[in-house]
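In: Any chance you can model this:
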Amino acid sequence: MKRSLVNDAIETAKEAFAAVNFKMPPFAQWTTQDWQSHGGEADEIRICMLGWDVTDFGQGRFDELGRTLFTLRNGSSKYGSGKDYAEKLILDPENQRPPLHYHRNKMEDIINRGGGNVMVRLFKCTADDQPSDESFTMQLDGVTCDVNAGETLRLEPGQSLCIPPRTIHQFWGEEGTGFRIGDKRCTVSGEVSRVCDDWEDNCWLEPCDRFCQIEEDVPARHHLVHEYPPAP
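Out: As a prediction, the model looks like this:
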């Protein structure tokens, strides 16, 4: 994935987050140059992987399989904050999605923060880690609803869905909905969850790289969450 595409994705996300009037923390604006002056006082950001996260999952098809996220808060066993929760903002361009996946431990609420509609495809996970063909129930804004295997639910702005561990899922912005930003329509979703461990707790149904290789065709404007330099 080219660094120029990463830079552009972050700028699009900033514009979309502003469009839903979500105020970002100061470190969202820290450039790679700014990081040279931040020492151990910023270790929570480094260790808990807060900040910008852009990936094409190693697939080379970012518009189709990709994600731009900003992690606002998170806990980590490597950092003694005591936080057992996490929160993210996610850019949802129409039809861009992650590969189907589930989490072993993380329970998460996916919240439509504004723009268009968020589409969520769901399966329960079998004992051998495959999509089940059985129906199940989910909590949609605190209301129990029946879901068929592989069904896609629509979340309108303000709605949220609780996704328990071992629930296979992917979600994206519905085509034709969302804010017009450049040549794309974008929706913003939020994630409130248990601690997010992107190294160990993501289980993919196809081979992919959570943190992809970056081709440095232009200078980076911001470090991604797995790129922070050590404290000087």
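In: what helix or strand is Ile10 on?
Out: Assigning secondary structure by DSSP states H and E places Ile10 in helix 3-19.
In: One more: Ile45?
Out: Judged by DSSP H and E, Ile45 forms part of helix 43-47.
In: what's the helix or strand following that helix packed up against?
Out: Scanning forward in sequence from helix 43-47 by DSSP H and E, the next helix or strand is strand 51-55. Counting contacts by 3 or more Cβ pairs under 8 Å, 6 or more residues apart in numbering; DSSP states H and E, strand 51-55 is packed against helix 3-19, strand 67-73. In short, each C-beta sits where N, CA and C put it, glycine included.
In: Tell me the buried residues in the last one?
Out: If I follow you right, that is strand 67-73. Using 16 or more other Cβ atoms under 10 Å as the test for burial, strand 67-73 gives Arg67, Thr68, Leu69, Phe70, Thr71, Leu72, Arg73.
In: ok, Thr55 - contacts?
Out: Counting by Cβ atoms under 8 Å, 6 or more residues apart in numbering, Thr55 touches Met1, Gly66, Arg67, Asp209, Arg210, Phe211, Cys212.
In: And the residues you listed, which is closest to Ala231?
Out: Ranked by distance to Ala231 (Cβ to Cβ), the contacts of Thr55 are led by Phe211 at 20.9 Å.
In: What count of nearby residues applies to the closest one?
Out: A count of neighbours around Phe211, defined by other Cβ atoms under 10 Å, yields 17.
In: Now name the helix or strand holding it.
Out: Short version, using DSSP H and E: Phe211 is in no helix or strand.
In: Nearest spatial neighbour of it, chain-adjacent residues omitted?
Out: In space, and not counting its chain neighbours, Phe211 is closest to His226: 4.8 Å by Cβ to Cβ, 6 or more residues apart in numbering.
In: What are the boundaries of the strands in the chain?
Out: Along the chain, counting by DSSP state E, strands occupy 51-55, 67-73, 86-93, 101-103, 108-114, 118-124, 136-140, 143-147, 152-155, 160-163, 167-173, 179-181, 184-193, 202-204.
In: Quickly note the distance from Asp141 to Gln159.
Out: Using Cβ to Cβ, to the nearest Å, Asp141 is found at 6 Å from Gln159.
In: Pro230: which of the strands of the chain is closest?
Out: strand 51-55 (15.3 Å).
In: which among the contacts of Thr55 end up buried?
Out: Met1, Gly66, Arg67, Arg210, Phe211, Cys212.
In: Which residues are in contact with the first one?
Out: If you count contacts by Cβ under 8 Å, 6+ apart, Met1 has them with Val54, Thr55, Asp56, Gly60, Phe62, Cys212, Gln213, Ile214, Glu215.
In: From the residues you listed, list just the buried residues.
Out: Among the contacts of Met1, the ones that count as buried by 16+ other Cβ under 10 Å are Val54, Thr55, Asp56, Phe62, Cys212, Ile214.
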